[in-house]
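Enquirer: the following comprises the amino acid sequence and a computationally predicted model.
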Amino acid sequence: MPRWTFRKQFVLTLSCFVIGAVMYLNSIFYQDSRRISTFQRKSIEEFEKTRKRIEEKDRNYIIYNRVPKCGSMSLTTLCYRLGAANGFKVASPYEDGEKPNKNEEDQMHFVNFLHEQRPGYMYIRHQYFIDFTKFGKKQPIYVNMIRDPVERFESFYYFSRFGNERGGGGASSRMSEIRRQESIDECIQRRRQECIKPYWQVVPYFCGQDAGCMTRSQWAVEKAKQNIKKNYVFVGILEDLDNSLKIMEAILPSYFNDALHVYHNPENERMKHETHTRNKKDTSTAARDFLKSETSLKLEYDLYEFVKSEMENLKSILF
């Protein structure tokens, strides 16, 4: 083959390769640009939904219907300090033997009570979600915090037996000493009802006052998700508490300005230590897997993963 022909073919082949590579890289860049554009569009849409949800609420009132064993004592203390710093009133009433579910008359009484308070008012209590629109009122701001369901179960289990450093809990210590000292693994092995059919549920706090919300059903989970999407400005995750507080600072500054800094001050750190559950024992992987997949906690995980996803969306927008 003549030398010049070989060179021409080599140049032609190399040129085709370069052109092909450029076209390929351009297509990849175009696809990435489209993906980035789609992500940005979705982020803007999510931010607009959050902004609209806040604007639709009665921002004079905020309800933290706190879920037990989700850091709620420390967060309540934080809210009192933020109230003093940011100029709003905080009330966290407690009645011995109170129940989180209310009949319709009690719901109406609560709705009227809240609207009798001076604007700039935060109400904190262990109670299930109440729909203010049923009683002809604008929905207040709702916020909450949840945690990993098995971690919460462990905390409740040992809290009911041994309480915390402040002397709270331990009411179930009237049980036999053998039963009291049982680990969660032993409780499951002996088929105790409190471990086979966990009593302490998160779903009703978001599902609301309907009788179906207490049924440990997929319907209740879906209703809880609907309420979170429509009626809650934010639900945080205890395992990602710092970012949860940063989000609340960003979207509700009149209530949560400087929340992260205040939460980590020495006095609040002491409160967190005092409210730790005493005598917690390690739970085996097998026991944790059983609770997660063979009990009603699998419904709790459905809701938990939903809340995590919602929070991740907000993090991607704000940070």
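Expert: In hand now; what should we look at?
Enquirer: where does this protein dip in pLDDT?
Expert: 1-44, 46-47, 165-173, 270-279 (pLDDT under 70).
Enquirer: try 90 this time
Expert: Low-confidence segments of the chain (pLDDT under 90): 1-56, 73, 94-99, 156, 159-181, 199-200, 265-281, 316-319.
Enquirer: quick one: the helices in the stretch 101-250 of the chain?
Expert: 104-115, 149-162, 177-180, 184-189, 193-196, 203-207, 218-231, 241-251 (DSSP state H, counting those that start in this stretch).
Enquirer: quick one: buried residues of the first one?
Expert: What that stands for is helix 104-115. 107-108, 110-111, 114-115 (16 or more other Cβ atoms under 10 Å). Where C-beta positions appear, they are placed from N, C-alpha and C, glycine not excepted.
Enquirer: quick revisit: which of the helices of the stretch 101-250 of the chain sits most buried?
Expert: Among the helices of the stretch 101-250 of the chain, the stretch with the highest mean neighbour count (mean count of other Cβ atoms under 10 Å) is helix 203-207, at a mean of 26.
Enquirer: helices and strands around it, which ones?
Expert: Where contact means 3 or more Cβ pairs under 8 Å, 6 or more residues apart in numbering; DSSP states H and E, helix 203-207 is packed against helix 218-231, helix 297-318.
Enquirer: mind doing that once more with 6 Å?
Expert: helix 218-231 (3 or more Cβ pairs under 6 Å, 6 or more residues apart in numbering; DSSP states H and E).
Enquirer: any chance of CSV for the buried residues of helix 104-115, columns distance to Tyr157?
Expert: Output for those, formatted as CSV (distance: Cβ to Cβ, whole Å):
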residue, distance to Tyr157
Gln107, 31
Met108, 36
Phe110, 31
Val111, 35
Leu114, 34
His115, 39
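Enquirer: out of those residues, who's nearest Tyr158?
Expert: Phe110 (32.1 Å; Cβ to Cβ).
Enquirer: distance of that closest one from Pro140?
Expert: 11 Å (Cβ to Cβ, to the nearest Å).
Enquirer: next one: Leu318
Expert: Distance from Leu318 to Pro140, by Cβ to Cβ: 23 Å.
Enquirer: okay, these two: which has more neighbours?
Expert: Pro140 (22 against 15; other Cβ atoms under 10 Å).
Enquirer: not counting sequence-adjacent ones, nearest residue to that one?
Expert: Using Cβ to Cβ, 6 or more residues apart in numbering and skipping the chain neighbours, the partner closest in space to Pro140 is Tyr61 (3.9 Å).
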